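1. quick one: sequence and predicted model below, then my questions.
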Amino acid sequence: MTTKLMGTPVQRVEDQRFLRGHGRYVDDVAVDERTLHAAVVRSPHAHARIVDIDVSAVLDLEGVHAVWTYDDLAGLATPMAEPLPLLIPHPALTHGRTQYALARAEVNYVGEAVAFVVADDRYVAEDAVGLVRVDYEVLPPVVGIDRARAADHLVHDDVPGNVGARMEQKTGDVEAALAAAPHRLQLDLTVERSACMPMEGRGTVARWDPDTHRLQVWSSTQTSTGVRAAVAVKLGLDLGQVDVITPDVGGGFGVKINHPWPEELLVPLAARTLGRTVKFTEDRREHFISSAHERGQVQHIEVGFDDEGRLLALDVEFWHDHGAYTPYGLIVPIITSTQLLGPYKPQVYRVRFESLYTNTVIVTPYRGAGRPQGCYAMERTMDAIADFLDRDRAEVRAANFIQPDEFPFDQGLVFQDGRELEYDSGDYPASLEKLKALVGWDDFPAYQAEMAAAGRRVGIGLACYVEGTGVGPYEGAHVHIETSGKVKVATGLTTQGQGHATVFAQLVADELGVRMEDVEVVTGDTRRMPYAVGTFASRAAVMSGSAIHLAAKRAKEKALRIAAEALEVDERDLEIVDGVVSVKGSPGTSIDLGTVSVLSNPLRYAFDEASKAATQFSVGDPGRPPVAEGDEPGLEGKDFYSPERATFASGMHAVIVETDPLTAEIRILKYAVVHDCGHLINPMIVEGQIHGGVAQGVGGALYERMAYDESGQLLNASFMDFLMPYVTEIPDGIDIDHLETPSPLNPLGIKGAGEAGVIPSAAVFAAAIEDAERVALPDLTITAMPISPSELHALRQRHPQPRPHRQERS
């Protein structure tokens, strides 16, 4: 008997394949000896003019098939020599710049692609890379936000002040509101750069068929349709000539939503030019220096509030480091500027930012995508207000919450998708009460005092966030019921470990009334679903989940109609259970779903016993066409879901930490999460997403940073030097509770969950560590993240630190 699967913790169907080593990644594609391999000559300088490139030593190297520089691309009758696309233009991005597939005249970060080599294998290709001689005129680099703002030197000569964009949004007269506020504080905060670091780096394989003039591309990407469109444009092909398949992906976390990377264009070009399959697989150092980073911001906050801690005016200005180019537009700083508000409702809000060029690796979204920085700014402000007023930190937050009866709540801003920032649903007071109970908030002061008496420093922190999920413009799905009764599902977005094969199968099994094991899900293959957007912004369940639900509903409607005709009953009297269509209350009057699929396709020829039932002398009314007007052969459904605007998930985290009085080491004692993503499709997978996000958040708060020197060299471009948490640094158990306030914006009532675990990490750890240190150092304040034991030790040495500057109304 089919049981309801929505909301059930079904085991992931994809795990056995991965655990047994049967995953198939880009590097597993085209392993035959005829496959050629590519390698890239990359700039060793952060900023330099290219004076000359000498490839003569490569030309006679046995096994080399091609070596290209920008000049070779300029000679092609395609747009390959033009800059790479600026994917998301914005009116405020007045000085957007993107790089070339191969550098033209100038390089602007260490790792920028300068030349491209194709050879018999990667060993020969790397040897050839070493033989390419590039003569550079080194220019002064701009590294870090402070130097970018000073603008003593420019990253791009035609970008004044290194400012790519300035943007402001406001909801009222913030100066007047600040002047009238009983209390005012100022805070200056910084968040350093980090990066995604998926286990699998970028990779591309391409094969050109000269007979059909078609190109097949395999790419480790978060948007197969985006790569398809870019390749078609740059190579001068029709969209229908290009197929992009995304096989298994060993992690994305945002870095693989950027497209096209230079190699995603150069590899297909080489495949077509050479008539051979060509492969590029990024190595780890390349991923450090030539993919993408995120997070780096400097923030200044001024806040006015009353005696209860209510926000009367909030004025935020920040400076965002977007690296050497802006291929992904302003998405990250726009998200910071809007999602900073979290679950709160300041009476007046103004936010201004500058997005700045530096001679460092480009910045594109990394799990959280600007939200961790915004949450850090807002939650540090809340902690400062509570400290100033000597009030409970949870009470100050509660005083500012949007209330359940205020939804939908319009924050008066424009979100990253160009739509209004309107929260659709939530219950923030209920979430806070759950979190306090989960972490033991009210009992903590007694525990802290007990530990202090024993010479131990323990502290507690909490942080709240709201996450815009399920942004448009759309996703689609195709559901096809085979004559065997099996169900094939295709959706265009890609999968990087989120459990799509499981949750999407649950949705289809529920809607169609079939066994879950009879549902097969395919993602990221433009041959199966040519129209899609991609996997980012916690949108897969909301967007593709809704589209799959709608497509399955269409398939079900057709199945019931055909079955009703075959059984000569009213389709309203039918139900589908375990793949069998039967009359409700009379299971003996039934027909298998596979047989219904046979009947859905009128045949002239019979190929087996089952297909005889659909031939012209066995079925059909001679008085009407075999396929009715407006109908189609086959038992399938296709639909698209396009929302009015994003839906907003929310959550709250709390952590208890202990800091060692001597070594300043930081140990996590307890971690608690309350999360609201609407109706849960699979609670186990949602909790897995939260666990993974918390682990990444621990890394971002305590370990991970990109360390550049003043010349623009990345000093820790390896896993020997770039610190990441091991399992020993992650909390043994994460206490999780769920709140389910369904979204009214989609048919399933769901909201996204993929980025939730990482968003509040910097904020919650800063609060907890500060609380622990104040056991001994009452004025210590944490204003920069991430924080390591050595930095905490140095902060202790600078004690006492001034608290945020207080300004009383005159």
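-> Right, received. Where do you want to start?
2. how are the strands of the stretch 701-810 of the chain distributed by residue range?
-> 734-738, 784-785, 805-808 (DSSP state E, counting those that start in this stretch).
3. quick one: contacts of the second one?
-> Outside strand 784-785, the residues within contact range by C-beta atoms under 8 Å, 6 or more residues apart in numbering are 189-192, 376, 700-701, 762, 765-766, 791. Every residue, glycine included, has its C-beta placed from N, CA and C.
4. list just the nearest of those residues to residue 344.
-> Lowest distance from residue 344 to the contacts of strand 784-785 (C-beta to C-beta) belongs to residue 376, with 14.3 Å.
5. okay, the closest one and residue 760: tell me how far apart.
-> In this view, residue 376 and residue 760 are 8 Å apart by C-beta to C-beta, to the nearest Å.
6. circling back to that earlier point, worst average pLDDT in the strands of the stretch 701-810 of the chain?
-> Mean pLDDT is lowest for strand 805-808 among the strands of the stretch 701-810 of the chain, at a mean of 52.
7. so where's the chain shaky on pLDDT?
-> 1-2, 616-620, 800-810 (pLDDT under 70).
8. check which helices and strands the longest helix belonging to it sits against.
-> Determined from DSSP state H, the single longest helix within the chain is helix 546-567. Helix 546-567 sits against strand 475-481, strand 487-491, helix 500-512, strand 574-577, strand 580-583, strand 586-592, helix 593-599, strand 636-641, with contacts defined as 3 or more C-beta pairs under 8 Å, 6 or more residues apart in numbering; DSSP states H and E.
9. quick one: distance of the last one to the chain centre.
-> Between the centre of strand 636-641 and the centre of its host chain there is 25 Å, according to C-alpha atoms, centre = their mean, to the nearest Å.
10. compute the inter-axis angle for it and helix 500-512.
-> Counting by axes from the mean of the first three to the mean of the last three C-alpha atoms, to 10 degrees, strand 636-641 lies at 110 degrees to helix 500-512.
11. now the helix or strand that comes right after strand 636-641: how far from the chain's centre is it?
-> Next helix or strand after strand 636-641 toward the C-terminus (DSSP states H and E): strand 647-659. Its chain's C-alpha centre and that of strand 647-659 lie 19 Å apart, by C-alpha atoms, centre = their mean.
12. same check on stretch 81-97?
-> Worked out by C-alpha atoms, centre = their mean, stretch 81-97 lies 21 Å from the chain centre.
13. what sits up against the host helix or strand of residue 433?
-> Assigning secondary structure by DSSP H and E places residue 433 in helix 428-439. Contact with helix 428-439 is made by 343, 394, 397-398, 401-404, 441-442, 460, 462, 464, 650-656, 670, 672-674, 676, 735, 737, 739, as judged by C-beta under 8 Å, 6+ apart.
14. state the distance from the nearest residue to residue 760 once chain neighbours are set aside to residue 367.
-> Using C-beta to C-beta, 6 or more residues apart in numbering and skipping residues adjacent in sequence, the residue nearest residue 760 is residue 463, 3.6 Å away. When C-beta to C-beta is the yardstick, residue 463 and residue 367 sit 16 Å from each other.
15. so which of the two has more stuff around it?
-> For residue 463 and residue 367, the more surrounded residue by other C-beta atoms under 10 Å is residue 463, and the numbers stand at 31 against 26.
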